[in-house]
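**Student:** 3D model of this:
(one chain, ligands or ions: 1)
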Amino acid sequence: MAAEHKNAAPESATVCDRDSLANDSFQDSFQTRVFKIIVIGDSNVGKTCLTYRFCEAKFLKNPEATIGVDFREKSLELGGESIKLQIWDTAGQERFRKSMVEHYYRSVHAVIFVYDVSNLASFESLPEWIEECRRHSVPQNVPHILVGNKCDLGRGEVPTSLAQRLADSYNFPLFETSAKDPAEKEHVDAIFLTLAHKLKNHKPLRLKQPSESTATSLTSKQEEKKLCFC
Ligand SMILES: Nc1nc2c(ncn2[C@@H]2O[C@H](COP(=O)(O)OP(=O)(O)OP(=O)(O)O)[C@@H](O)[C@H]2O)c(=O)[nH]1
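**Tutor:** Numbering: from 1, shown residues only. Presented below is the predicted three-dimensional model:
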């Protein structure tokens with residue numbers, strides 16, 4: 001991704017475990033709920049460009065390979081409630097992600113798997129990404145979706161019927177889109193809004209605000225400092 005956005009820490013700082021929030025209904029009533037969404041898939045499939053298209057409404061020209069993770073946030077008003085999506089754009093290259101993998105999956109609220117419709121290998125990798133997610137004990141009720149990106153290049157390598165079969169076999173919704181094509185902007189938005197609606201109807205599963213920090217929590221900045229990104 002573009003250098004100026006690289007590894008910027010999210011403004012909502014404290015990552016908290018789900019169970020400690022279960023009885024926090026009084027504070028829930030006046031706080032913005034924050035949902036962590038991770039974007040996973042092979043290198044070069046367009047994870048950075050998709051998240052940038054949603055958060056900044058632009059196509060990011062000349063992205064650099066993501067190292068570790070890049071954070072972006074988007075606040076939404078849904079049915080009279082403000083929620084915040086904290087999007088973790090993860091590195092596709094093994095050497096840039098290996099020390100971060102545990103952190104990607106910790107307390108995640110939704111997972112987006114991305115492949116490139118013009119690159120069959122990126123589609124064939126999906127079962128491995130899904131398996132990695134399962135190995136990290138992401139609960140079954142966490143929403144997962146499949147996104148075929150780069151539709152502006154044609155779907156020759158990965159026809160919709162093939163992608164739909166895979167999506168059905170996992171019971172994941174499938175979206176095909178393009179981060180590059182401005183005409184697809186609303187479609188990209190729809191992917192994230194679909195998730196936002198699902199998450200909103202979920203009981204909190206949220207990240208705490210800094211003022212609520214607990215002994216067991218770890219801020220993303222602290223987390224970052226402890227990590228080697230390559
Ligand atoms: N034609 C086309 N190119 C795209 C699209 N989305 C991204 N790209 C290009 O694909 C390349 C990789 O994009 P990134 O968004 O950096 O891919 P990534 O999956 O984040 O890659 P890693 O950070 O290495 O994991 C760049 O050259 C982008 O310009 C798209 O929708 N259509």
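**Student:** hey, let's count contacts and neighbours off CA atoms from now on
**Tutor:** Fine.
**Student:** what pairs with the residue nearest to the spatial centre of the chain across the strands?
**Tutor:** Compute the mean C-alpha point of the chain, and by Cα atoms, centre = their mean the closest residue is residue 38, 2.5 Å away. Beta bridges link residue 38 to residue 88, residue 111 when assigned by DSSP bridges.
**Student:** OK, contacts around it?
**Tutor:** With contact set as Cα atoms under 8 Å, 6 or more residues apart in numbering, residue 38 has these partners: 87, 88, 89, 90, 104, 105, 108, 110, 111, 112.
**Student:** who wins for neighbours among these?
**Tutor:** Using other Cα atoms under 10 Å as the neighbour criterion, residue 89 leads those with 28 neighbours.
**Student:** my guess is it meets residue 39, correct?
**Tutor:** Yes. Applying Cα atoms under 8 Å, one finds residue 89 in contact with residue 39, separated by 5.2 Å.
**Student:** need the overlap of contacts for the two.
**Tutor:** The contact lists of residue 89 and residue 39 share residue 47, where a contact means Cα under 8 Å, 6+ apart.
**Student:** leaving out chain neighbours, which residue sits closest to residue 130?
**Tutor:** Of all residues not flanking residue 130 in the chain, residue 113 sits nearest, at 7.9 Å (Cα to Cα, 6 or more residues apart in numbering).
**Student:** anything in whichever strand or helix holds the one you found near the ligand?
**Tutor:** For residue 113, the host element (DSSP states H and E) is strand 110-116. No. Using Cα under 6 Å from any ligand atom, strand 110-116 stays clear of the ligand, coming no nearer than 7.7 Å.
**Student:** and that strand, what other elements does it pack with?
**Tutor:** Applying 3 or more Cα pairs under 8 Å, 6 or more residues apart in numbering; DSSP states H and E, we find strand 110-116 packed against strand 33-40, helix 120-124, helix 126-135, strand 144-149.
**Student:** residue contacts, residue 142?
**Tutor:** Residues near residue 142 by Cα under 8 Å, 6+ apart: 108, 109, 110, 111.
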